[in-house]
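Q: generate coordinates for the sequence data below:
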Amino acid sequence: MKEFGRYVMFIGSLFVRRESFKTYYKLVMEESVQIGVKSILLIVLVSAFMGAVTTVQTAFNLVSPFVPKFVISQVVREMIILELAPTIMAIIYAGKVGSSMAGGLGTMRITEQIDALEVMGINSASYLVLPKIIASLLMYPLLVIVAGFCGILGGYLVGSLGNMITPYDYIYGIRSSFNEFTITFALIKSFVFAFMISSISSFKGYYTKGGALEVGISSTAAVTSSVIAVLIGDYFLAELLLK
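A: Below you'll find the model as predicted:
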């Protein structure tokens, strides 16, 4: 509870003695490139293969002649939109982006760069962390949308080329009995996960103590805590929004 209280106070400190809009705009754009543009290739590759594997496994298990083939793409659609795109990508995002945030801030802490900002009268938490959180809130939902599209496309290509399902049946299943709220639900989760990962990782990195070894420990702790928070958040969001 002490650590959680410290985390809440850390979030509150981000909105005290803020910098100018121009300053934040520049920092957010730089962070957006680091977070979003440099992560898109990994997201595309992982999501495409997830869609492909989900299609293969679903087709393998649907052996009954009474089950129409288009059910395969329905299962792929629901799995990707509801879980694989927002949640599994969040775990990968925590490993790549979260560890980078914690490592960068931890290095700044042990090299006394954060202390130097405080001496100059700058709120170091707001200056360094708030742009990361804003950029994460902007870019991660876009990455989830890309992941969802690539996952469904990957399933389409593998299903068609592997003669598991015809292109017509795949498209028909994607469109059949579609509930638009699943998209809303996935985007809500993406915003929540983006905030969790960026804030927890920054918190762990910001309060690093010691030397280079502790920077690595902070990065590991950031990923571990972020993944646990994502999984707990995923459960509670499902309970709140899908009932």
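
Q: and the longest helix belonging to the chain, how far out from the chain middle?
A: As far as residue count goes, and with DSSP state H defining each element, the longest helix of the chain is helix 124-161. Between the mean C-alpha location of helix 124-161 and the chain-wide mean there is a distance of 6 Å, by Cα atoms, centre = their mean, to the nearest Å.

Q: elements contacting the helix or strand just after it?
A: The C-terminal neighbour of helix 124-161 among helices and strands, as given by DSSP states H and E, is helix 167-175. Of the remaining helices and strands, those touching helix 167-175 by 3 or more Cβ pairs under 8 Å, 6 or more residues apart in numbering; DSSP states H and E are helix 71-79, helix 124-161. In short, each C-beta sits where N, CA and C put it, glycine included.

Q: may I see the buried residues of helix 167-175?
A: Residues of helix 167-175 classed as buried by neighbour count (16 or more other Cβ atoms under 10 Å): 169-170, 172-174.

Q: let me have those residues in a markdown table, adding distance to residue 212 as columns.
A: Below are the buried residues of helix 167-175 laid out as a markdown table (distance: Cβ to Cβ, whole Å):
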| residue | distance to residue 212 |
| --- | --- |
| 169 | 56 |
| 170 | 51 |
| 172 | 56 |
| 173 | 52 |
| 174 | 49 |
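
Q: what stretches of this structure score poorly on pLDDT?
A: 1, 63-64, 243 (pLDDT under 70).

Q: can you show me the helices along it?
A: Here the chain has its helices, by DSSP H, at 2-13, 21-35, 40-61, 71-79, 89-93, 99-110, 113-119, 124-161, 167-175, 181-206, 212-241.

Q: before we move on, back to that, list the buried residues of the longest helix of the chain.
A: In helix 124-161, residues buried by neighbour count (16+ other Cβ under 10 Å) are 124-141, 143-152, 154-160.

Q: what's the spacing between residue 12 and residue 196?
A: Taking Cβ to Cβ, to the nearest Å as the measure, residue 12 falls 16 Å from residue 196.

Q: centroid residue for the protein?
A: Computing the C-alpha centroid of the chain and ranking residues by Cα atoms, centre = their mean puts residue 90 first, at 3.1 Å.

Q: circling back to that earlier point, neighbour count for residue 12 and residue 196, which is higher?
A: Comparing residue 12 with residue 196 by neighbour count (other Cβ atoms under 10 Å), the higher total belongs to residue 196, at 22 against 10.

Q: pretty sure the more buried one sits against residue 229.
A: Yes - contact criterion Cβ atoms under 8 Å: residue 196 and residue 229 qualify, at 4.6 Å.

Q: go ahead and confirm residue 97 touches residue 197.
A: Yes - counting by Cβ under 8 Å, residue 97 does reach residue 197; the two are 7.0 Å apart.
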